[in-house]
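*Asks:* this one's structure only:
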């Protein structure tokens, strides 16, 4: 887990650099380049680049693009909602996280609400994980935030286990379903990633076979962290403080593995 914490720290730095590069007039390729410089400069390997042929080190998704947007020549405009998802590998162990930022001035209060409440849902899910018996509790905590905020989780897209591969079992849902979800056990590392849309939660994939957009054109946000579960508690691997600052509101104290 300590090696994964190193990978997670690099991901946190890459996302910080990419977020800083998300300015009006920049391209989504510029955002990706900022993340790439950090990952390569740290001597890590991208786990996105080449993944099933993906051509970049990060996914950069704008407005109604929910996830898996391919960076390129698109110019970021004032008020665009930009979700950035990236990962890194250190000594065979993976980190994965995502943030959403608004470039320039928000176009309205709804955009700020969408981005902030998706972030709140992420931390509510992480806090629930700290004491959860089963992953149902994480899904429920995320869905409850969506319901209270009058937003909708993206249907069919979920979080995941992470470790020696970027995507492993179990799935980590963002909404309740019938049937019991897996038990939470020490030794698990999970990527929790709520994806919220203003519209119905239905989606479609563009002709590039990657970019997922909301079916009704409504705007979206995406946040993610990788978390380790160990005998003494949890640690947010992709946050430099292990999640301490955010989890304090939930009376959860992360413990380094």
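*Replies:* Received it, and whenever you're ready, just let me know what you need. None of these values were measured; they are calculated from a predicted model. Numbers count the residues shown, from 1 in each chain.

*Asks:* So which bits of stretch 150-162 are buried?
*Replies:* Within stretch 150-162, the residues scored as buried using 16 or more other Cβ atoms under 10 Å are 151-154, 157-162. In short, each C-beta sits where N, CA and C put it, glycine included.

*Asks:* and what of stretch 53-65?
*Replies:* Those buried within stretch 53-65 under the rule 16+ other Cβ under 10 Å are 54, 56-65.

*Asks:* neighbours around the nearest residue to residue 244 once chain neighbours are set aside, how many?
*Replies:* Counting by Cβ to Cβ, 6 or more residues apart in numbering, the nearest residue to residue 244 once its immediate chain neighbours are dropped is residue 254, at 5.6 Å. A total of 23 residues lie near residue 254 under the criterion other Cβ atoms under 10 Å.

*Asks:* cool, residue 100 as well?
*Replies:* Neighbours of residue 100 (other Cβ under 10 Å): 25.

*Asks:* and what of residue 241?
*Replies:* Using other Cβ under 10 Å, residue 241 has 12 other residues around it.

*Asks:* these two touch, right, residue 203 and residue 155?
*Replies:* Yes - contact criterion Cβ atoms under 8 Å: residue 203 and residue 155 qualify, at 7.1 Å.

*Asks:* where do the contact lists of these two overlap?
*Replies:* Common contacts of residue 203 and residue 155 (Cβ atoms under 8 Å, 6 or more residues apart in numbering): none found.

*Asks:* and which of the buried residues of stretch 150-162 is nearest residue 70?
*Replies:* residue 157 (16.7 Å; Cβ to Cβ).

*Asks:* coming back round to it: out of the buried residues of stretch 150-162, which comes closest to residue 173?
*Replies:* residue 158 (5.2 Å).

*Asks:* What sits closest to that closest one if chain neighbours are left out?
*Replies:* residue 171 (4.6 Å).

*Asks:* Can you mark which positions in the helix or strand where the one you found lies are buried?
*Replies:* Residue 171 is part of strand 168-172 when elements are defined by DSSP states H and E. For strand 168-172, a neighbour-count test (16+ other Cβ under 10 Å) marks 168, 170-172 as buried.
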